[in-house]
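A.B. asks: Below: sequence and its predicted model.
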Number of protein chains: 4
Amino acid sequence: MRTTSFGVIRIATKGPGDVSGLMSVIDSGAIDPASILAILGKTEGNGGVNDFTREYAVAALCTALAPHLGLTPHEVEQRIAFVMSGGTEGVLSPHITVFTRREVGEQPAGISGKRLSIGMAHTRDFLPEELGRSAQIAETAKAVKTAMEDAGIADPADVHFVQIKCPLLTSDRVEAASARGNKTATTSAYGSMAYSRGASALGVAVALGEIASDIGDEDVLRRYDLFSKVASTSAGIELMHNVVIVLGNSASSVSEFEIGHAVMSDAIDSAAVIAALNSVGLGIAPQATAGRKFVNIFAKAEASPNGSVRGLRHTMLEDTDISSTRHARAAVGGLIAGLAGTSAVYVSGGAEHQGPAGGGPVAVIAKLSN
Amino acid sequence: MRTTSFGVIRIATKGPGDVSGLMSVIDSGAIDPASILAILGKTEGNGGVNDFTREYAVAALCTALAPHLGLTPHEVEQRIAFVMSGGTEGVLSPHITVFTRREVGEQPAGISGKRLSIGMAHTRDFLPEELGRSAQIAETAKAVKTAMEDAGIADPADVHFVQIKCPLLTSDRVEAASARGNKTATTSAYGSMAYSRGASALGVAVALGEIASDIGDEDVLRRYDLFSKVASTSAGIELMHNVVIVLGNSASSVSEFEIGHAVMSDAIDSAAVIAALNSVGLGIAPQATAGRKFVNIFAKAEASPNGSVRGLRHTMLEDTDISSTRHARAAVGGLIAGLAGTSAVYVSGGAEHQGPAGGGPVAVIAKLSN
Amino acid sequence: MRTTSFGVIRIATKGPGDVSGLMSVIDSGAIDPASILAILGKTEGNGGVNDFTREYAVAALCTALAPHLGLTPHEVEQRIAFVMSGGTEGVLSPHITVFTRREVGEQPAGISGKRLSIGMAHTRDFLPEELGRSAQIAETAKAVKTAMEDAGIADPADVHFVQIKCPLLTSDRVEAASARGNKTATTSAYGSMAYSRGASALGVAVALGEIASDIGDEDVLRRYDLFSKVASTSAGIELMHNVVIVLGNSASSVSEFEIGHAVMSDAIDSAAVIAALNSVGLGIAPQATAGRKFVNIFAKAEASPNGSVRGLRHTMLEDTDISSTRHARAAVGGLIAGLAGTSAVYVSGGAEHQGPAGGGPVAVIAKLSN
Amino acid sequence: MRTTSFGVIRIATKGPGDVSGLMSVIDSGAIDPASILAILGKTEGNGGVNDFTREYAVAALCTALAPHLGLTPHEVEQRIAFVMSGGTEGVLSPHITVFTRREVGEQPAGISGKRLSIGMAHTRDFLPEELGRSAQIAETAKAVKTAMEDAGIADPADVHFVQIKCPLLTSDRVEAASARGNKTATTSAYGSMAYSRGASALGVAVALGEIASDIGDEDVLRRYDLFSKVASTSAGIELMHNVVIVLGNSASSVSEFEIGHAVMSDAIDSAAVIAALNSVGLGIAPQATAGRKFVNIFAKAEASPNGSVRGLRHTMLEDTDISSTRHARAAVGGLIAGLAGTSAVYVSGGAEHQGPAGGGPVAVIAKLSN
């Protein structure tokens, strides 16, 4: 029986501290603040260690939502999963996507097929020395399964996007491990983001049976043939555990939305983006599809580690002026925006073990008219 | 009667000083160095005032070609039109495209339709105070017509890409004007590049009848509704006149190549890129077209001056870390590479009066099998 | 009679959102939050239009101070003058300097000489078309005089640093002027910051008699021989009027602090920095001075507009990768930090009419032991 | 007996390809091109992997010098030691310093004390797997001793600056090692520059007795307490061996120049810069010293690896927009230019094992009037 409804709303922002769009939607009654599960955003920083637009955006949203939820800002941050991806290079337009869940008393008529469903789960806190290693992989895999249950999804084929927030190392955390006589996977804060993202993505792949479960510490950031086709992971300083958000389609959902995905095999894989659009009944913009509306696309991008795209050299990895993650978001963002027909799309950098090397997952959410 | 053959060859480079690819092609006999008309390249600098990869690439090419042509490097630079566009952001891959022309004694059988033809012309030297103003517009228009004749093209509809090299202002040049009691359009070297590119593009538009000829100084960089759909202009410090290269199709050509174009109305106009591909019998990559092969695509990109793309804010113009031209090339380069199926495409920044504001021309060259 | 005491405390920050240092000082009783007049900070953004660390820092400070003052965060922002200068390039270390004022009942014995005194004043709101023009100059000059009175300073020679917050133009503001049939000084947001800073600095120069008062619109950003030796101005989007903070020495103050200044004639003027240190009894680090302690130094830096320093070319103005303001802060920050012996110094960019072209004012605050 | 004369001339450049200054000096007879030993330059690139201004400058100089020496450009590159340091951040002004040597027939009268002397030596070619390891350290140490003999310097205390050019790893070189079953110190091109610089500097320290000779692979880039006070090392792609240039004072020299040095303990160590100036009889600019003229200063700069300077946080290592080497050169360049009174100084980045962590060597050359 269908019991739950999930909503998705994309809201443009005028700056990292701008909450006016969300407040308008709440004031209008279109969103019940208590129903907000997660907010994924693109903010206009550089996406690197010194990108403060992410924490500023979260702080602004928590402060604004607090009175609506009768909570302190800090409690809001615990309740709602905030995933801010820094970097709106090229045409990418700053925005947030708000995901909501509410229980429905009566089952609406005329709904057929599986519909968008969202489940969440948390791992336990990790020790710094566990980040980027098999412990993080295994715990993440467990949490993905829990989140699938939460979403009412049994078949891994119904999972189309798994967004994960994961921790990173700081010098304090490295020292804490060291004081215990343990070495961390790396001592660099920046480097640890890649390790944590990579291990988390491998956890998704294990949970969904995309790869075998016997992967070890030494595979992380090395065996790039091991990857998930639906994982999207972001590292943040504010937590020590993984937050797992599973997005898929479920027969238990009465949502007006549907999600699908494909995998870009490299950064110029237009066929994959088109396939992802097609998977939810959409095509290349401008849309001529009746009864279906594009909502948003979620993708990961990276500079291919071997320095080339289809045999031709790229210069992203050797540019001292612009980080490769910024280059990759700009390029893949340009392609996806062109095919989707809108620049407010979610393209995030750092795609270790998320899709093949140089490629990445691409998921699309469409709204159905019925 | 068809009397001239034009060749186009795209060669990857390993760095701005790398001439090995061109030397191999010459050594193999595939290109007669004496037939080289023009070389358009993408080099891996930042595309700004302090991008030295352009002059380095030209210096390396001139030095390498000099013994083959029995000329000094400086004479080579006078003979061949070198247009280096700095900036291979995102997936863009450094490369050069070499254009050749040779007279054919006998007319090959079985050639039908118009084929690629290239014509060149030079304006007189400009005074610094003429740059970015009506004198540059009018002289450029004249030179475009001369170049069309040189190419054997009578109908403006057969012109698909007009590449122009134009001068910029330096502090010395501004002072020289000032000493004559005249003011230049701007005193900024960087700013003058936009003025010179803009006036040159308007000259193309006048020549091709795209706009009326009564445009004045005050329209440059202001009346963005006035533009050419085929102009691509680049400012360089090394000259004081405009070099005009007209690329089109002509019944006088026996070339194996054909050129077509479309106009991107904004930076995410995938439909225009697809139309340009279609115009020479190609489609979205991977190509399934028999008898036709993609050679290269030539496009101009810019951040839309009004700060948004289809109503959604972009952040390119307000980014102090990355110049908007780099953002725009990365994004448009990503889209075009995705649709063309290759990252060695020519996407150049600074599209003032070249296509509508925020958009730009996009031309495609295909090779025919017969 | 000496009636007022002024305090200065410099607090390191761990990030733009970090208020823990100030909260500790308040909790310890060392600062009464009600006594806070102004907070000048260096935050770790790029200092450009898209530097959100400044507004984030102000938001965090207002939120943290609000309960201590019984005000809303918005009211705190109205009450205390926050001036955040973005950009901690090179060795510059993020920090805030908190200025306090309190009335003293009884006059302490043994105080001689003039001591640090701070006065504040506000201009009326400006129309967008007044920014960067004579109206802003004249109103600022009036406010400087009011602030001097507030500080108990009669002699302009006792004024050593005038910090001003001034407005900038946005596209909305430009349009509002346009709707009234008026043109603004520029239509560029970035460009308007320079105009507003420049006119504000000229206002200081007029008030202090450093230049004649008959300067017009056309002198702003052109007549660089007109400047103030003590003005430091910052443009911000959050206000439409100028906030003026005068720092000088007054016989009415019982402060433990003293302020002095000098003017750097160019970006490598070590003699001026040493003179500024000497002016408050200090020397080059390491300090050997008994009875006096270095507190902070406040300076403005810019790339010399003529492209050279003492006849040798600099490359700051032509660098497309790093803005000239970042270059200038890094270089001048390195010199000042080296001479002061600490990297938590306030070096701010954009020195139009603040000191001679390419140079800038440099003020030092020392703490006296008695 | 004094038999050799060494010259030093500093020449400003207008761009990386500008050789006009050197050509003028040669044309004027002030420099005999055959006497040129080495050219150290500051070029205006980013100093990173994709800084092509260095190779462009070397190519331009070799092409220009070739006819003067009766050699091919390639032979010029083999004969003269070119060390181009990319990055003229902040006030740093692009220039080259040309070092010459010629034998003198008769000993001039009135020369006393030791004078500038320069010696050179080359190591054997390294295998990629030897870079950044003890083999590179030991071979460099041997070459330093050979170069000291060449310079007529017996006492390590007379060595004031040892400039080394050393190789870096490329993916080809890493693969070659891998094919032999060997692992390189790192697989990153960028990372290998630090390893090679670090091992080379340790080689200098061993040769001069600054540290014991029993250092191993694991000490490189880890034991930052091991360092040389006079080493300055630069990695370049164009060679597989180390070129060692020893600069010191010798009784066998009739040079008009003298060299001295000090060690900056951190990036704001003005006392060390002043000590270095004092060591050759100079003071803080403006110079009041009779009989001595400042020629140039040679220093290495880096962001302190522990993230702070004298206990205060710096933000150089976490900035995704500007590399830490650019930050460090700008800041240290600002300090040194301020104290030297000129911005055409040689401040180079990447100071691993060259001075203490966060600091670096600083050498000064003065010209004596007699």
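C.D. replies: Received it, and whenever you're ready, just let me know what you need. Numbering: from 1, shown residues only, chains lettered A, B, ... in the order given.
A.B. asks: how much space between the spatially most central residue of chain A and chain D?
C.D. replies: What sits nearest the mean C-alpha location of chain A, by CA atoms, centre = their mean, is residue A:163, with 3.6 Å. In this view, residue A:163 and chain D are 22 Å apart by CB to the nearest CB, to the nearest Å. C-betas here are computed from N, CA, C, even on glycine.
A.B. asks: How about residue A:135?
C.D. replies: 26 Å.
A.B. asks: Mind pulling up the pLDDT for that residue?
C.D. replies: At residue A:135, the model reports a pLDDT of 97.
A.B. asks: With the one 10 residues further on instead?
C.D. replies: Note for residue A:145: predicted pLDDT of 98.
A.B. asks: right, and it touches residue A:209 too?
C.D. replies: No: using CB atoms under 8 Å as the test, residue A:145 is too far from residue A:209 to be in contact (10.8 Å).
A.B. asks: Write out the residues of the stretch 251-370 of chain A neighbouring chain B.
C.D. replies: A:267-271, A:273-274, A:284-286, A:308-310, A:312-316, A:321-322, A:326-328, A:330-335, A:337-339, A:341-344 (CB under 8 Å from any CB of the partner chain).
A.B. asks: Near chain C, which residues of chain A are found?
C.D. replies: A:15-17, A:44-45, A:50, A:52-53, A:55-56, A:59-60, A:63, A:321.
A.B. asks: wait, residue A:180 sits on residue A:129?
C.D. replies: Yes: in this structure, residue A:180 is within contact of residue A:129 by CB under 8 Å, at 7.4 Å.
A.B. asks: Those two: which is more packed in?
C.D. replies: residue A:129 (20 against 11; other CB atoms under 10 Å in any protein chain shown).
A.B. asks: I'd assumed that one was in a helix, is it?
C.D. replies: Yes: with DSSP: H, G, I helix; E, B strand; the rest coil as the criterion, residue A:129 is part of a helix.
A.B. asks: Number of residues surrounding the residue in the stretch 51-200 of chain A that chain B sits nearest to?
C.D. replies: For the stretch 51-200 of chain A, the residue positioned closest to chain B under CB to the nearest CB is residue A:90, at a distance of 2.9 Å. Neighbours of residue A:90 under the rule other CB under 10 Å: 40.
A.B. asks: list the contacts for it?
C.D. replies: The contact partners of residue A:90, taken as CB atoms under 8 Å, 6 or more residues apart in numbering or on different chains, are A:329-331, A:333-334, A:337, B:90, B:267, B:314, B:316, B:327-328, B:330-332, B:334.
A.B. asks: Now residue A:51: phi and psi?
C.D. replies: Main-chain dihedrals, residue A:51, degrees, to the nearest 10: phi -90, psi 100.
A.B. asks: What residues does it make contact with?
C.D. replies: So residue A:51 contacts A:43, A:45, A:86-87, D:320 (CB under 8 Å, 6+ apart).
A.B. asks: Of these, which belong to strands?
C.D. replies: The members of the contacts of residue A:51 that map onto strands under DSSP state E are A:43, A:86.
A.B. asks: Turn the contacts of residue A:51 into CSV, columns for neighbour count.
C.D. replies: Output for these, formatted as CSV (neighbours: other CB atoms under 10 Å in any protein chain shown):
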residue, neighbour count
A:43, 27
A:45, 29
A:86, 27
A:87, 31
D:320, 20
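A.B. asks: Closest one to residue B:123 out of the contacts of residue A:51, please.
C.D. replies: Residue B:123 lies nearest to residue A:87 out of these, by CB to CB, at 42.7 Å.
A.B. asks: That closest one contacts residue A:323, doesn't it?
C.D. replies: No: counting by CB under 8 Å, residue A:87 does not reach residue A:323; the two are 9.1 Å apart.
A.B. asks: which residues are in contact with both of the two?
C.D. replies: Going by CB under 8 Å, 6+ apart, residues that sit against residue A:87 and also against residue A:323 are A:46-47.
A.B. asks: Lowest average confidence across helices and strands of chain A, where is it?
C.D. replies: Lowest mean confidence among the helices and strands of chain A (mean pLDDT, DSSP states H and E): helix A:171-179, at a mean of 92.
A.B. asks: Give me the buried entries from the residues of the stretch 251-370 of chain A next to chain B.
C.D. replies: Among those, those classed as buried by 16 or more other CB atoms under 10 Å in any protein chain shown are A:267-271, A:273-274, A:284-285, A:308-310, A:312-316, A:321-322, A:326-328, A:330-335, A:337-339, A:341-344.
A.B. asks: ok, and which of these reach chain D?
C.D. replies: Answer for those near chain D (CB under 8 Å from any CB): A:315, A:321, A:326.
A.B. asks: Spell out, range by range, the helices that occur in chain A.
C.D. replies: Using DSSP state H, the helices assigned to chain A run over residues A:20-27, A:53-69, A:73-79, A:134-151, A:171-179, A:189-207, A:270-279, A:324-340.
A.B. asks: Report the buried residues of the third one.
C.D. replies: When you say that, I think you mean helix A:73-79. Of the residues in helix A:73-79, those buried (16+ other CB under 10 Å) are A:73, A:76-77.
A.B. asks: Spatially nearest residue to the residue of the stretch 201-350 of chain A found nearest chain C (excluding sequence neighbours)?
C.D. replies: Distances between the stretch 201-350 of chain A and chain C by CB to the nearest CB are smallest at residue A:321, namely 4.3 Å. Leaving aside its chain neighbours, residue A:321 sits nearest to residue C:321 (4.3 Å; criterion: CB to CB, 6 or more residues apart in numbering or on different chains).
A.B. asks: give me every residue that touches the one you found.
C.D. replies: Residue C:321 touches A:321, B:46, B:48, B:50, D:46, counting by CB under 8 Å, 6+ apart.
A.B. asks: Which of these sits closest to chain C?
C.D. replies: Among these, and counting by CB to the nearest CB, the member closest to chain C is residue B:48, at 2.6 Å.
A.B. asks: Let me see the domain layout of chain A.
C.D. replies: A:1-106, A:116-245, A:256-370 (automatic domain parsing).
A.B. asks: from the chain's centre, how far out does the shortest one sit?
C.D. replies: Relative to the chain's own centre, domain A:1-106 is displaced by 13 Å; criterion: CA atoms, centre = their mean, to the nearest Å.
A.B. asks: Quick one: mean pLDDT for it?
C.D. replies: Rounded mean pLDDT across domain A:1-106 is 96.
A.B. asks: Using CSV, write out every CA atom in stretch A:92-101.
C.D. replies: This file holds the C-alpha atoms of stretch A:92-101, laid out as CSV (Å, rounded to 0.1, in the frame of the first residue of the first chain):
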residue,chain,number,x,y,z
LEU,A,92,26.0,26.6,-13.2
SER,A,93,23.4,28.6,-11.2
PRO,A,94,23.3,28.7,-7.4
HIS,A,95,20.2,27.0,-6.1
ILE,A,96,18.9,24.5,-3.5
THR,A,97,16.8,21.4,-4.0
VAL,A,98,14.5,20.7,-1.1
PHE,A,99,13.3,17.1,-0.5
THR,A,100,10.2,16.5,1.7
ARG,A,101,8.4,13.5,3.0
